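# would you be able to build a 3D model of this:
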Amino acid sequence: MAGVVFGCVVPHGWPTIPDLSEDAPGALQTRAALTVIGRRAVDARPDVVVIATPHNIRVEGAVRLASVARGAGTLHHEGRTVELNVPVDRPLTEAIAAVARRVGLPVALAAYGGNDRAVSVVPLDWGTMVPLWFLGHGRNMPGYGTVLSPDPAEDLGPPIVVVTPVRALPREAMVAFGEAVAEAAEEDGRRVAVVASCDWAHTHEGGRYGVDPAAAEVDAAVVDALRASEPGRLIGLDQRQVEAAAIDGLWQALLLAGVMRRRPPRGEVLSDEAPPAYATGMIVAAFEAA
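Have a look, this model is predicted:
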């Protein structure tokens, strides 16, 4: 009964990937914190990484799990490109779906491409690729970054489970889904890391969503909750503030809060910044056994 051994909240601005930019444009503090996350994850020795992203394929009214053999994706920045191709873990994906359905949560197992799961490959988005780069998959794989690419000869890091939260359900549903993830991980018996891929307020100065004072207020509330090892506090964020700040991290963080209910860890905020080039709250936090 290993179960969840590591958790983290990380942003997904893709220029933080070193192969895409030397200066991360202005987010070097975030990059350094992501590097620390990577080292701590290595120390935790996960056999599987569960990653919750807001930017992958969504299913209305249901939490979606990628029911595929692999994930492949490509990111570009200022003439540079990185490609990833990673295995998707079928046993834990199906176990999470089974536990979640057992407690009445709506879950969709969604595939992509081939009808046979063994050849089905989900497109990886920036919400998966950026965290994975720092969590064991930090190797550019030219020629392997599309759903029609051949399988690589070997895999650098552990297999993954891809979760896309649903916003249409009450917030409590994502907490309950996190509990299902933790229970399934314990039943599975392997060592599991859970990643909440989260950008926070998008209404800082210089962003395309305009400027709103709620941005700084919401980001401060998030930092306080994570520093206290209580991401579940965020369930009470005022909906008007959530919309004014244009955050995308709430639902993934609530999933992590549910995971933490079964085995409360010690949290540490490693960085917190909103670089002008991103105009987005970028917070990095680690959660390890107390």
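# going forward, measure contacts between C-alpha atoms and count neighbours the same way
Noted.
# tell me the first helix or strand C-terminal of the helix or strand hosting Arg261.
Applying DSSP states H and E as the criterion places Arg261 in helix 250-262. Once the chain leaves helix 250-262, the next helix or strand it forms, by DSSP H and E, is strand 265-273.
# now that following strand - C-alpha only, CSV.
Extracted in CSV, the C-alpha atoms of strand 265-273 (Å, rounded to 0.1, in the frame of the first residue of the first chain):
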residue,chain,number,x,y,z
PRO,A,265,1.3,16.2,3.9
ARG,A,266,3.5,19.1,4.6
GLY,A,267,3.3,21.9,2.1
GLU,A,268,5.9,24.4,1.0
VAL,A,269,5.5,27.3,-1.5
LEU,A,270,8.7,27.4,-3.5
SER,A,271,7.9,30.4,-5.7
ASP,A,272,5.2,33.0,-6.4
GLU,A,273,5.5,35.5,-9.3
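# returning to what we had before: give the rounded mean pLDDT of the helix holding Arg261.
Helix 250-262 shows a mean pLDDT of 97.
# same deal with stretch 156-175?
97.
# got the angle between the helix or strand hosting Ala193 and helix 250-262?
Assigned by DSSP H and E, Ala193 falls within strand 191-197. Per axes from the mean of the first three to the mean of the last three Cα atoms, to 10 degrees, the angle that strand 191-197 makes with helix 250-262 is 150 degrees.
# could you list every helix and strand in contact with strand 191-197?
strand 3-10, strand 48-52, helix 126-134, helix 250-262 (3 or more Cα pairs under 8 Å, 6 or more residues apart in numbering; DSSP states H and E).
# can you tell me how far Ala245 is from Ala279?
Distance of Ala245 to Ala279, computed by Cα to Cα, to the nearest Å: 11 Å.
# among the helices and strands packed on strand 191-197, which is nearest Leu109?
With Cα to Cα, the closest approach to Leu109 among the helices and strands packed on strand 191-197 belongs to strand 48-52: 14.3 Å.
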